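Asker: sequence and predicted structure below; questions after.
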Amino acid sequence: MSTPTRQKAPQGLAPRAGAAALLRAVLHKRRPLDEAFAEEATSGSLAACEARDRAFARAIAATTLRRLGSIDHVLDGLLEKPLPARAGHVRNILRIGLAELLFMGVAPHAAVGMAVESASASRVAQHFKALVNAILRRADRERDTLLTGLDMAHLDTPDWLFESWSRAYGEITARAIAEAHYADPPLDLSVKHDHERQYWADELGAEILPTGSLRLRETARVDTLPGFDQGAWWVQDAAAAIPARLLGQIAGAEVLDLCAAPGGKTVELAAMGARVTALDRSRARLERVSENLTRVNLAAELVTADAALWQPKRQWARILLDAPCSATGTARRHPDVLRLKTPGDRDKLAALQARILAHASGLLAPGGILVYCTCSLEAEEGPRQIDAFLAGRPGFARLPIRASEVGDLSALVTAEGDMRSLPCHLDDRGGMDGFYAARLIRSN
């Protein structure tokens, strides 16, 4: 008796299955998107896929996460009754279909057909494939009206974050921040040698931003770009490249880089001519710092230790502290952040930041400068942290940041003299990460 041949999966099903796996990892297992994607691409549902299909799966997942509030609002309106608990991951299949139909411009027959195939391929979801087909066909018919009148900026931002941003920056700016999260960020590069900036801009077809970073609008594999093999530049968001330069002229100076991994600022400090001691509590993450330094032919002393407890027998005149934070300023490139972080996470991290900052202040020599920074948009992890620190330490003061130090972008300098970038800054050029930096000087 002949063995029945196994039917080949329809083309296009694998990236949707991968996208569903990524959504499960983020929304149900509370795992970061990049971590989940790396696992799926190496040993999971995307391992056998071509690079193009893996990229499409990630794009679907990222779009769904960015637009999750609006998608769920539309979906709930299309369902006559809530999905039963036994429906398994049917909701994610529908979310993916709606993301493709409403926000990605995928052909309706492909979006609907692949969603039905996805349901058919699941032991549980196959019982709901008729519902999947009906819901998505209706969404296609009504797509011009489904989003009319929706407050998408608010729907797609968790309430606690929208309220936090409205308090800190005003509601108009909070909406601008939320809307900036819809687009994939451009690729920013920091150049190793300032005098080569124009050369590499021409070679890469990049724009030179006011802050000095190179910006590429077209996405590409980084390791295929001119200058990668020579170590002429490294990837670093334009906002993240600013804090290290706030330490001033550091050529030949000894600089302590606390919480250094993944190492973009370590590389930047070394490229500026500093003798860098880079500390991080994760040995594995410091290995990545080492790899980045090796690629650009630079060096630093690497130390594995807890920045809140480390007890060296010396002080430094220059310290950069890129403190652990909620990373809400990076949601353009990490849309999972909006779904994974909570007010409790922010408060725990703010307490940790306070401990590290207090300890770091003891490592700063009299007359020295410390730059504190985070990639968070939350006031508790930025200006409030610095205000609380200064309130109990008369020997420290803010050293105001000047617009000329941030590319003459006066919008990036706060009334207190700190730096504050928002995702909606440089919006005509593709935006930038949300970043906060304060520069402190120790008088005694």
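Answerer: Done, it's in. Quick caveat, the model's predicted, so the values are computed rather than measured.

Asker: lowest-pLDDT helix or strand in the chain?
Answerer: Least confident helix or strand of the chain, by mean pLDDT, DSSP states H and E, is helix 143-146 with a mean of 93.

Asker: buried set for that one?
Answerer: With burial defined by 16 or more other C-beta atoms under 10 Å, the residues of helix 143-146 counted as buried are Leu146. (C-beta placed from N, C-alpha, C; glycine too.)

Asker: neighbouring contacts of that helix?
Answerer: 74, 77, 101-102, 139 (C-beta atoms under 8 Å, 6 or more residues apart in numbering).

Asker: now, of those residues, which are buried?
Answerer: 74, 101-102, 139.

Asker: just to be sure, His256 is in a helix?
Answerer: I think there's a mix-up here, since residue 256 is Leu and not His. No - going by DSSP: H, G, I helix; E, B strand; the rest coil, the assignment for Leu256 is strand, not a helix.

Asker: does it touch Asp322 like I think?
Answerer: No - counting by C-beta atoms under 8 Å, Leu256 does not reach Asp322; the two are 11.6 Å apart.

Asker: who has more neighbours, those two?
Answerer: Leu256 (29 against 24; other C-beta atoms under 10 Å).

Asker: identify the residues contacting the more buried one.
Answerer: Counted by C-beta under 8 Å, 6+ apart, Leu256 has contacts 276-277, 279, 316, 318-320, 363.

Asker: low pLDDT regions in this structure?
Answerer: Scanning the chain for pLDDT under 70 picks out 1-8.

Asker: what sits up against the host helix or strand of Ala284?
Answerer: Secondary structure from DSSP states H and E places Ala284 in helix 283-295. Here helix 283-295 makes contact (C-beta under 8 Å, 6+ apart) with 231, 234, 260-264, 266-267, 270, 278, 280, 299-300, 302, 304.

Asker: among these, which ones are in helices?
Answerer: 264, 266-267, 270 (DSSP state H).

Asker: list just the nearest of these to Ile250.
Answerer: Nearest to Ile250 among these is Ala270, at 10.0 Å by C-beta to C-beta.

Asker: ok so, going back, of the contacts of Leu256, which is the nearest to Ile208?
Answerer: Distance to Ile208 across the contacts of Leu256 (C-beta to C-beta) is lowest for Leu320, with 23.9 Å.

Asker: circling back to that earlier point, please pick the buried ones from the contacts of helix 283-295.
Answerer: Neighbour-count burial (16+ other C-beta under 10 Å) applied to those gives 231, 234, 260-264, 266-267, 270, 278, 280, 300, 302.

Asker: and the furthest pair within those?
Answerer: Gly231 and Asp280 (21.4 Å).

Asker: quick one, strands of the stretch 301-444 of the chain?
Answerer: With DSSP state E, counting those that start in this stretch, the ranges of strands along the stretch 301-444 of the chain come out as 301-304, 316-322, 364-374, 396-398, 419-421, 435-442.
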